[in-house]
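> Kindly generate the corresponding structure for this input.
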Amino acid sequence: MILAVASGKGGTGKTTVSVNLARVAGRHVQLLDCDVEEPNAHLFLRGVLQRREEICVPVPQVDASLCTGCGECSGFCRYHAIASLESGALTFPELCHGCGGCSLVCPEKAITETGHRIGVVETSEADGITLIQGRLDIGVAMAPPLIRAAKSFLDEGAPAILDAPPGTSCPVIAAISDAHLVILVTEPTPFGLHDLKLAVDMVRELKIPAGVVINRVGLGDDRVHAFCREQGIPVLLEIPDDRKIAEAYSRGELAVDALPAYHAHFENLLFRSRELYRAIRSEHHADLRI
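Have a look, this model is predicted:
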């Protein structure tokens, strides 16, 4: 089962849920940190680095001796990654999506593709957990290609937990698009509710089943609970506004390790997530992929 953990906004406790779920899931679970602009799961799962691979995307390379400046390439590119000048074509690799269209439409065959590094993917082992994380290079504008590259490192035969980037933009879509179930982490505040609504719209558009984890319960009000009831969204876990969790987090410790009472809560979250997925798939008469 591929379980994604997402949130409509940052700071709700998404990584806290992800790493603690990975701990209680047992051995041979994969945790993929898809927040490639600021990965932090490794701060809580201190493992041994086993693999590090540079990730490149194809970008156009123009042969000035062949280019006539006809403008076919720039007219095709919707991302303005290549411009046609009198002196020839000028490329902007940081804007390129690597589709290869410019080389296909060039009548003079003046455009070829070359690799442009965007970041690295690192794999490590920590107490039976395989941690895979992407790390975007500074100055690189687009995270989705690196997220997709990191997901290609997953072993399809083993369960996986995806720690998605915050928000509802393109990097989040790239992270959760193949998930069987999404856990949306929120907090009982007006901001938490506002961004939860955006996240719910996102997963419904993608047709991915979802449940909610409400973090810091007791901090705000009950409007998030009311919204979930109205929308028929199951609340899979409520985490209290417990200072001890924050203290453990600040030390780089997992809540299930520092506070054993929470171990059963996250085990129940994992159990309820699997049961929710089974129930939804059963309703649609589809085979389970667990």
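
> Tell me where the model's unsure across the chain.
284-290 (pLDDT under 70).

> Any idea how many residues pack against Arg135?
Per other Cβ atoms under 10 Å, the neighbour tally for Arg135 reads 19. The C-beta positions use only the backbone N, C-alpha and C, and glycine is treated the same way.

> if you count residues, which helix in this protein comes out on top?
helix 261-283 (DSSP state H).

> Partner strands of the helix or strand where Leu131 lies, with direction?
Using DSSP states H and E, Leu131 sits in strand 129-136. Counting by DSSP bridges, the strands paired with strand 129-136 are strand 29-33 (parallel), strand 111-126 (antiparallel).

> which is the next helix or strand following the shortest one?
Same thing as strand 29-33. That would be, after strand 29-33 and using DSSP H and E, strand 48-62.

> what's the angle between that next one and strand 111-126?
Strand 48-62 and strand 111-126 are oriented at 170 degrees to each other (axes from the mean of the first three to the mean of the last three Cα atoms, to 10 degrees).

> chain center to strand 48-62: distance?
Strand 48-62 sits 18 Å away from the centroid of its parent chain (Cα atoms, centre = their mean, to the nearest Å).

> still on that earlier bit, nearest to Val213, of the strands paired with strand 129-136?
With Cβ to Cβ as the criterion, Val213 lies closest to strand 29-33 of the strands paired with strand 129-136, at 16.4 Å.

> and for that closest one, what are the contacting residues?
15, 18-19, 22, 39-42, 45, 128-134, 150-151, 153-155, 158-163 (Cβ atoms under 8 Å, 6 or more residues apart in numbering).

> Just to check, Ile147 is in contact with Ala174?
Yes - counting by Cβ atoms under 8 Å, Ile147 does reach Ala174; the two are 4.4 Å apart.

> Return every residue with contacts to both of those two.
Cys34.

> between those two, who's got more neighbours?
Under the criterion of other Cβ under 10 Å, the comparison of Ile147 against Ala174 puts Ile147 first, with 31 against 22.

> so what's that one up against?
34, 36, 134, 165, 171, 174-175.

> The same query, at a cut-off of 10 Å, please.
Contact partners of Ile147, counting by Cβ atoms under 10 Å, 6 or more residues apart in numbering, are 32-37, 119, 121, 134, 136, 162, 164-165, 170-177.

> Within the helices and strands, which one has it?
Element membership for Ile147, per DSSP H and E: helix 144-151.

> how many other residues sit next to Ala246?
Ala246, neighbours per other Cβ under 10 Å, totals 14.

> Val213 now?
Neighbour tally, Val213, other Cβ under 10 Å: 25.

> For the spatially closest residue to Val203 that is not a sequence neighbour, list each beta-bridge partner.
Spatial nearest neighbour of Val203, chain neighbours left out: Ala210 (4.5 Å); criterion: Cβ to Cβ, 6 or more residues apart in numbering. Note on Ala210: beta-bridge partners Val182, judged by DSSP bridges.

> most centrally placed residue in the protein?
With distances taken as Cα atoms, centre = their mean, Ala164 lies nearest the centre of the chain, 2.7 Å away.

> can you tell me which residues contact it?
Applying Cβ under 10 Å, 6+ apart, the residues contacting Ala164 are 4-7, 14-15, 18, 32-35, 147, 171-176, 179, 182-185, 199.

> so of these, which ones are in strands?
4-6, 32-33, 182-185 (DSSP state E).

> Could you pick out the buried ones from these?
Buried by 16 or more other Cβ atoms under 10 Å: 4-6, 32-33, 182-185, out of the ones in strands among the contacts of Ala164.

> what's the burial count for Leu254?
Neighbourhood size, Leu254 [other Cβ under 10 Å]: 21.

> Can you tell me how far the residue nearest to the centre of the chain is from Ser87?
Taking Cβ to Cβ, to the nearest Å as the measure, Ala164 falls 44 Å from Ser87.

> What about Asp63, how many residues nearby?
14.

> which phi and psi does it have?
With angles defined as degrees, to the nearest 10, Asp63 sits at phi -90, psi 110.

> Good, we can wrap up now.
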